[in-house]
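*Asks:* using only what follows, build the 3D model:
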Amino acid sequence: MENHKFWNTQPIFTNNDNTIVENVDINNIKKDPIKLVDKYHWYNIDLDNENDLNELYSFLLDYYVNNINAVYRFNYSKETFKWFLKPKTFFPDLILGVKFNNKLVSTIIGIPQTVRILDKIIKVVQINFLCVHPNIRNKRLAPVLIKEITRRSNLHNIDVAYFTAHLDLPNKVVSTYYWQRPINVEKIFDLDLLQPDFPGQNIKKYYKIDDCFTINISELQKDDCKECCQMFNEFHIKFKISIHFDEEHFESHFMPKKNVISSWVVKQDNKITDFISFFDIPSKVSNSTKYNEWRAAYCYYYFNTKTKLEELVQNCLVLLKRNNIDILNSTDLYDNNDFLDKLKFKKSSSELRFFFYNWNCPNVKNNEMALIMV
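*Replies:* Numbers count the residues shown, from 1 in each chain. Alright, predicted model coming up:
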C-alpha cells in the first residue's frame, strides 16, 4: 500500500455496509476549478465541436491504452464517443481535458449512470478515458484530474463513482479477465493476436461458424424498448451489482448505430424473450502490410429468459461475422462463464479491476457483477 500514497487517502473501501463513505455537502464544494501550474489550463471538450472531437479522437488514438510496443492502438470512433460520452442525461463539464499551449495533454471523463448495489439504486459516474501525455506523466497530473472530476461531479449532486484499473490498487471490488473468440480466423492469427492451442491445429475448422440461425433473432426496434427495459431491470435483480436503466435511457443507449452499438432481441409468439448487445472498437495496426486495422466487438448487456446464453451468443457470432467483425471479446463477469469455454473463447492476460469511489461496496464474485466498461 505504500506505493499508493494518493489512493490510500481516498474513500475507496470495500465492506458490507452498502452505504456512502463520506456525505458531501454541496455548499462546501469549491466553485472554482483546481488551479493548474504554468501554462496548463482546464478545457471542457465539446463533442459537438468538430475541432474538439477531432482533437479528442487523435489524442486518445495516440496515447490511450495500447499494447506494449504500440503496435496495436484502440481506435475508438468519433461516433462511439458521441454515443457513450453523451447519454440522454450528461454534463458537458465532465468531458474534461487539460491543455498546454492550446494542445490537449490529458483527459478524464465522467459518464452519469444509475447503478443498483444490492437493494439500493444510486446515481454514479463511470470514470473513463483517464489519459495523460507520456511526456508529462512524471508531473503527477492524474491525482489532480481525479480530484477535479470529483469536485465537478459533486456540484451535480453525484457523490459516487466507479472505475477500472490494471493496477492493483487498494480495495478492489472484483477482478476480471478478457476472453477472446476469433471470427475472422485467418486475419486474427496472421496478426499474431492469438496462438493455436496445438501445433498443426486446423484453426479454420476449429473456429468455423456455421452460417445459420437456431432462434428467431432480429435487430432491436424502438417499439421493443419499453418491454425490453422492464425485462432488463427485472433480470438484473439477481446480480449484487448491476447497471439500471429507465425506458428513455434504455432506448437512447441501445438503439443500434452502425459500427458503434448493435442490439438484438429474440421473440417467441411475437413476445420478447431475450435481448443482447455488443459495442465495436477497432484497433489500428502499424506492423502489417496486409492489414491496417482489426474490428473487435465486445459482449455488452443482455438478458435471457428462454434461450440458453450459449445458444444466444452462438447465433450472434453469425451476425457479427456478417458484419465483418474480426474478433469477439468478453469479460468473465455476469453469466458469461456459461458460454466462454463452450464457444471456444481463449483467456487473455489482460486483467481489469473494478473499484467504487465513496461507497462502502461489498466484494463480489464475478458472476455477481453486471457492469461493463466501454
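*Asks:* wait, L343 touches C316, no?
*Replies:* No - the criterion here is C-beta atoms under 8 Å, and L343 misses it with C316 at 9.9 Å. Every residue, glycine included, has its C-beta placed from N, CA and C.
*Asks:* who has more neighbours out of the two?
*Replies:* Taking other C-beta atoms under 10 Å, L343 and C316 do not tie; C316 has more neighbours (23 against 20).
*Asks:* and the more buried one, that one's in a helix?
*Replies:* Yes - when classified by DSSP: H, G, I helix; E, B strand; the rest coil, C316 is found to be part of a helix.
*Asks:* can you list contacts of stretch 233-240?
*Replies:* With contacts defined as C-beta atoms under 8 Å, 6 or more residues apart in numbering, stretch 233-240 is touched by 116-118, 242-245, 303-305, 334, 362, 364, 368-370.
*Asks:* can you report how many residues lie near the residue lying closest to I117 once chain neighbours are set aside?
*Replies:* What sits nearest to I117 in space, not counting adjacent residues and going by C-beta to C-beta, 6 or more residues apart in numbering, is I241, at 5.3 Å. By other C-beta under 10 Å, 22 other residues sit near I241.
*Asks:* need the per-residue pLDDT for I241.
*Replies:* Here, the pLDDT recorded for I241 equals 98.
*Asks:* please apply the same query to K147.
*Replies:* On the pLDDT scale, K147 gets 97.
*Asks:* got the buried residues for stretch 201-212?
*Replies:* 203, 207, 209 (16 or more other C-beta atoms under 10 Å).
*Asks:* would you list these in a markdown table and tack on distance to N54 and pLDDT?
*Replies:* As requested, the buried residues of stretch 201-212 are arranged in a markdown table below (distance: C-beta to C-beta, whole Å; pLDDT from 0 to 100):
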| residue | distance to N54 | pLDDT |
| --- | --- | --- |
| I203 | 39 | 93 |
| Y207 | 37 | 96 |
| I209 | 36 | 97 |
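*Asks:* could you dump those to CSV with distance to T273?
*Replies:* CSV is the format used below for the buried residues of stretch 201-212 (distance: C-beta to C-beta, whole Å):
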residue, distance to T273
I203, 34
Y207, 28
I209, 23
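*Asks:* tell me the one among these nearest to N287.
*Replies:* I203 (20.9 Å; C-beta to C-beta).
*Asks:* the closest one and D190, how far apart?
*Replies:* I203 is 11 Å from D190, where distance means C-beta to C-beta, to the nearest Å.
*Asks:* rewinding a little: in helices, which of the buried residues of stretch 201-212 fall?
*Replies:* I203 (DSSP state H).
*Asks:* returning to what we had before: quick one: the residue nearest to I117 and K172, what's the gap?
*Replies:* Distance from I241 to K172, counting by C-beta to C-beta: 13 Å.
*Asks:* then I149?
*Replies:* Separation of I149 from K172 (C-beta to C-beta): 20 Å.
*Asks:* same thing with S348?
*Replies:* For S348, the distance to K172 - C-beta to C-beta - is 18 Å.
*Asks:* helices of this structure, start to end?
*Replies:* Ranges of helices within the chain are 50-63, 78-85, 141-155, 185-190, 203-206, 225-235, 247-254, 309-322, based on DSSP H.
*Asks:* burial measure for the closest residue to V124 other than its chain neighbours, as a count.
*Replies:* Spatial nearest neighbour of V124, excluding adjacent residues (C-beta to C-beta, 6+ apart): V160 at 4.6 Å. V160: 20 surrounding residues under other C-beta under 10 Å.
*Asks:* comparing S348 and K172, which residue is more hemmed in?
*Replies:* Of the pair S348 and K172, K172 is the one with more neighbours under other C-beta under 10 Å, namely 19 against 13.
*Asks:* residue contacts, the more buried one?
*Replies:* 14, 353-355.
*Asks:* got a winner among these for most neighbours?
*Replies:* Within those, most neighbours by other C-beta under 10 Å means F355, with 24 neighbours.
*Asks:* beta partners of it?
*Replies:* Under the criterion DSSP bridges, F355 forms beta bridges with F163.
*Asks:* right, and it touches L167 too?
*Replies:* No - with contact defined as C-beta under 8 Å, F355 does not reach L167; the gap is 9.9 Å.
*Asks:* so how many other residues sit close to T114?
*Replies:* Look at T114: counted by other C-beta under 10 Å, it has 15 neighbours.
*Asks:* for it, which non-adjacent residue is closest in space?
*Replies:* Closest to T114 by C-beta to C-beta, 6+ apart is H244, at 4.5 Å.
*Asks:* could you check how many residues crowd around the one you found?
*Replies:* 19.
*Asks:* from A370, how far off is it?
*Replies:* Distance from H244 to A370, by C-beta to C-beta: 10 Å.
*Asks:* swap in V71?
*Replies:* Noted for V71: a distance of 33 Å to A370, by C-beta to C-beta.
*Asks:* neighbour-wise, which of those two wins?
*Replies:* Neighbours per residue, other C-beta under 10 Å: of V71 and A370, the larger number sits with A370, 24 against 15.
*Asks:* from K208, how far off is the residue of the chain most remote from its centre?
*Replies:* Distance from the centre of the chain peaks at G200, with 35.7 Å (C-alpha atoms, centre = their mean). For G200, the distance to K208 equals 17 Å [C-beta to C-beta].
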